[in-house]
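Student: Sequence first, then the predicted structure:
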Amino acid sequence: MRMISASRLTFVLLLFLPLVLVCVTYPNIIVGAQQVPKYYLQISAVDYPSEVPINLTFRITVVLNYSLPMLSGYSTYPSRYFITARLYNSTGSGQDPPAAQSLLATSDIEDVWNSGSHLFYLMTKAPSYPTTIHLTIYAMYQPISPFTNSYPPSVTSAPNDKWTYTHAAGSEVEVSINIVQNVPVYLSTNKPDIPVTIDGYHQLETGNSGSLIVKLAVLRWHTIAVPAVVNLGDGTHEAFVSWQNGSNSTLLSLFLRSAIYLNATYKTQFLLTVNGNKGSGWYDEGSYAEVNAVSETQANRLLGLIGFTEVFKGWSGDVQSNSITVKLLMNAPHQINAERMIRYRPSGIKIVLTMIILLMLVIVLTFLVTKSRRNAPKAFETSTPM
């Protein structure tokens, strides 16, 4: 009897050993109903404009985070769900759940399971008059049978009467948007008191703060112009560099759809005046101006014609130097002078003496000819009696 019992025990062990090995080797195999993690469907981010022009179709961006299956305590298979973002008009309604007649927009519909996040877009149109609208965005879902193979459903094909939301924190978000006739244009400059011309005739100025706010009609073209140079006097001016988008045109043309921020950059420049040499011009503040003197040039007027030259002697004014090349830090307007002296050449002196002699000969010959004509005898004059 003992041997029979031992044989039976061995048989039982051999029968159940493969199952034990399978369970040990593959611990993730489901051998029974297991409780799934808690579900959620939440709005994690919303991007929307704070001001919208009248009659404009605008977009709201919604990010939904989800963990599925939803509304299932126990499950032996993955649950599938349709999820979407829906936009309702909550102004004056306050209904929960939202009324069907207050539905404004539905995003695309996603067929999902497990967990993750998805980006949705809601498109709606602003009223035709200035007001403030209050909207509610819902993260909504409906279950799908595990045997359904349709993917993906369209907005119109999904049953609208089966959409619901979890009522949990983050499943709905309320937003308020101002519908306006005019929107602000925020203009700033890095320098004060910059003139601004709006639409060719409206003259404004950024003032001491370098900023300006002006309200303009939406859904229209507008021009915004700033000067290329703002003269501050005494050899100083502000020079336009560019707009924040890199454009170096002082005139901007834009079709205004919403509030906009514009930034114009200027730089300070100082005038360098160079007398007696090339090099005058405007230089950026803090830069170095380099001027090269011409070592020798032809003398002016008659002296130049007869071969005399002017030789560079040195710099005077805001810099004192005998170097041909001079550098100045442009931290203010500057003025320098190229000092020169006349160089006398022997050949030039000979030419001058020759010209003087020739001139004297011409004068003497002219005098003699004139004198001989005066001393010549006059012809007799005859007259016929009447």
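Tutor: Here it is on my side, so go on. Numbering: from 1, shown residues only.
Student: what bits of this structure have low per-residue confidence?
Tutor: Regions of the chain meeting the criterion pLDDT under 70 cover residues 1-38, 69-79, 92-97, 145-161, 297-308, 343-353, 376-386.
Student: Determine the longest helix present in it.
Tutor: The longest helix of the chain (DSSP state H) is helix 346-375.
Student: so how far is that one from its chain's centroid?
Tutor: Centroid displacement of helix 346-375 relative to its chain, using C-alpha atoms, centre = their mean, to the nearest Å, is 77 Å.
Student: do the same with stretch 101-112
Tutor: The answer for stretch 101-112 is 35 Å, by C-alpha atoms, centre = their mean.
Student: So which bits of it are buried?
Tutor: Neighbour counts over stretch 101-112 (16 or more other C-beta atoms under 10 Å) mark 102, 104-110, 112 as buried. Every C-beta, even on glycine, is put in place using the N, C-alpha and C of the backbone.
Student: quick one: the nearest residue to residue 57 once chain neighbours are set aside and residue 135, what's the gap?
Tutor: Distances taken as C-beta to C-beta, 6 or more residues apart in numbering place residue 125 nearest to residue 57, at 4.7 Å, with adjacent residues excluded. Separation of residue 125 from residue 135 (C-beta to C-beta, to the nearest Å): 12 Å.
Student: With residue 45 instead?
Tutor: In terms of C-beta to C-beta, residue 45 sits 16 Å off from residue 135.
Student: Residue 192 now?
Tutor: Going from residue 192 to residue 135 by C-beta to C-beta gives 41 Å.
Student: higher neighbour count, these two?
Tutor: Each of residue 192 and residue 135 has its neighbours counted (other C-beta atoms under 10 Å); residue 135 has more, 21 against 15.
Student: was I right about that one contacting residue 177?
Tutor: Yes: using C-beta atoms under 8 Å, residue 135 is in contact with residue 177, at 6.9 Å.
Student: Is the residue nearest the centre of the chain part of a helix or strand, or is it coil?
Tutor: Closest to where the C-alpha atoms of the chain average out (C-alpha atoms, centre = their mean) is residue 245, at 2.4 Å. Classification of residue 245 using DSSP: H, G, I helix; E, B strand; the rest coil returns coil.
Student: Start at 19, not 1
Tutor: Sounds good: first residue 19 from here, last item residue 263.
Student: Next, find the distance separating it from residue 270.
Tutor: As defined by C-beta to C-beta, residue 263 lies at a distance of 9 Å from residue 270.
Student: Give me the contact list for stretch 74-83.
Tutor: Under the criterion C-beta atoms under 8 Å, 6 or more residues apart in numbering, residues 58-67, 70, 101, 103, 105, 123, 125, 134-144, 153, 155, 157, 193, 236-237, 275-276 lie in contact with stretch 74-83.
Student: Filter the residues you listed down to the buried ones, ChimeraX style.
Tutor: To isolate the buried subset of those in ChimeraX, counting by 16+ other C-beta under 10 Å, use the following:
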select :58,59,60,61,66,67,70,101,103,105,123,125,136,138,140,142,144,153,155,157,193,236
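Student: From the recorded domain assignment, give the ranges for the chain.
Tutor: Here the domain parsing of the chain from automatic domain parsing is 52-198, 200-288, 294-364.
Student: For residue 102, the count of nearby residues, please.
Tutor: Using other C-beta under 10 Å, residue 102 has 23 other residues around it.
Student: Could you check how far the residue nearest to the centre of the chain is from residue 272?
Tutor: 11 Å.
Student: ok so, going back, relative to residue 195, how far out is the residue nearest to residue 75?
Tutor: 12 Å.
Student: Skip the chain neighbours and tell me the closest residue to residue 287.
Tutor: residue 300 (4.4 Å).
Student: ok, what's across the strand from that neighbour?
Tutor: Listed beta-bridge partners, residue 300: residue 289 (assigned using DSSP bridges).
Student: which ones are touching residue 104?
Tutor: Residue 104 is in contact with 116, 121, 123-125, 140, 155-156, 158, 181, counting by C-beta under 8 Å, 6+ apart.
Student: at 10 Å what do you get?
Tutor: The contact partners of residue 104, taken as C-beta atoms under 10 Å, 6 or more residues apart in numbering, are 80, 116, 121-125, 138, 140, 154-158, 173, 178, 181, 183, 190.
Student: Distance to residue 379 added to the domains of the chain, as a markdown table?
Tutor: Converted to a markdown table, those look like this (distance: least, C-beta to C-beta, whole Å):
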| stretch | distance to residue 379 |
| --- | --- |
| domain 52-198 | 92 |
| domain 200-288 | 54 |
| domain 294-364 | 18 |
